[in-house]
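*Asks:* My questions concern the predicted model and sequence given below.
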Amino acid sequence: MSVHAAPWVHVVPEHGALPVDLLLTGRTYVARLDGRRMCDTDAVFQEFYDGLRLPDYFGWNWNALYDCLRDLAWLPADQYVLIVEAADAALPGDPAGRRQLFRTLLRTGRRWSSVKRPEGIDLSRLLVVMSCDAASVADVQEQVRSCWEETVSSAVWSTASSAVSSGVASAVAS
């Protein structure tokens, strides 16, 4: 069984599965990362650097990770699947860091989201699969949902703030 907060993020129990048709469309690049190796933020960045063969200009911070994940031009493929095994073990003792990781993955997925295929099927070009211990699925799912709500509300706030700024700028120019 798969649970997702956004169409491109799936939380599955270890040894769980997703329907194969979600993963096998055109050229697919699959990266497997291990949450157990993500003991701190530097280790998170190292895991992504190694697993996705990030370019040498990668800046080793959250913004740089987001920038690289939203591009992926050095990995030519029609679709990308990012599997984070033991996602529940990532950044133990750093809940803020884990939220930042999840928000980064959610923002990236939203950026890549939904492309229209000639057959009329909507698919995201980036799928994130977070595998974790069966007992942790509900907790990780809730963390992802919470991060998604934060991501969406900050995007709405940013858009509203930009609109207000534009309106103020127009009023001042008049």
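*Replies:* In hand now; what should we look at?
*Asks:* Under the pLDDT cut-off, which ranges of the chain? List them.
*Replies:* Within the chain, the segments meeting pLDDT under 70 span 1-8, 16-25, 114-124, 155-174.
*Asks:* 90 instead, please
*Replies:* In the predicted model, the chain carries pLDDT under 90 at residues 1-28, 70-71, 73, 76-81, 107-129, 148-174.
*Asks:* hey, where'd the helices end up in it?
*Replies:* For the chain, the helices defined by DSSP state H cover 20-23, 41-51, 62-69, 95-112, 137-173.
*Asks:* For those helices, please prepare JSON lines with the additional fields distance to Leu82.
*Replies:* For the C-beta atoms, the positions are set from N, CA and C on the backbone; glycine is no exception. Converted to JSON lines, these look like this (distance: least, C-beta to C-beta, whole Å):
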{"stretch": "helix 20-23", "distance to Leu82": "11"}
{"stretch": "helix 41-51", "distance to Leu82": "8"}
{"stretch": "helix 62-69", "distance to Leu82": "8"}
{"stretch": "helix 95-112", "distance to Leu82": "7"}
{"stretch": "helix 137-173", "distance to Leu82": "14"}
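*Asks:* ok, what's across the strand from the nearest residue to Leu127 once chain neighbours are set aside?
*Replies:* The shortest distance from Leu127 to any non-neighbouring residue, by C-beta to C-beta, 6 or more residues apart in numbering, is to Val81 (4.9 Å). Legend: beta-bridge partners of Val81 under DSSP bridges are Val30, Leu127.
*Asks:* got a list of what Val81 touches?
*Replies:* Counting by C-beta atoms under 8 Å, 6 or more residues apart in numbering, Val81 touches 23, 28-31, 126-127, 129.
*Asks:* what do you get for Gln100?
*Replies:* Trp62.
*Asks:* Name the surrounding residues that touch stretch 62-73.
*Replies:* Taking C-beta under 8 Å, 6+ apart as the rule, stretch 62-73 contacts 29, 41, 44-45, 48, 52, 54-55, 58-59, 80, 100, 104-105, 107-108, 111-112, 126.
*Asks:* give me the number of residues near Arg110?
*Replies:* For Arg110, the neighbour count with other C-beta atoms under 10 Å is 20.
*Asks:* and it, how far is that from Cys147?
*Replies:* 12 Å (C-beta to C-beta, to the nearest Å).
*Asks:* ok, Asp56 - how many residues close by?
*Replies:* Asp56: 5 neighbours (other C-beta under 10 Å).
*Asks:* And Ala64, by the same measure?
*Replies:* By the criterion of other C-beta under 10 Å, Ala64 has 15 neighbours.
*Asks:* what about it, distance to Glu47?
*Replies:* Taken as C-beta to C-beta, the span from Ala64 to Glu47 is 14 Å.
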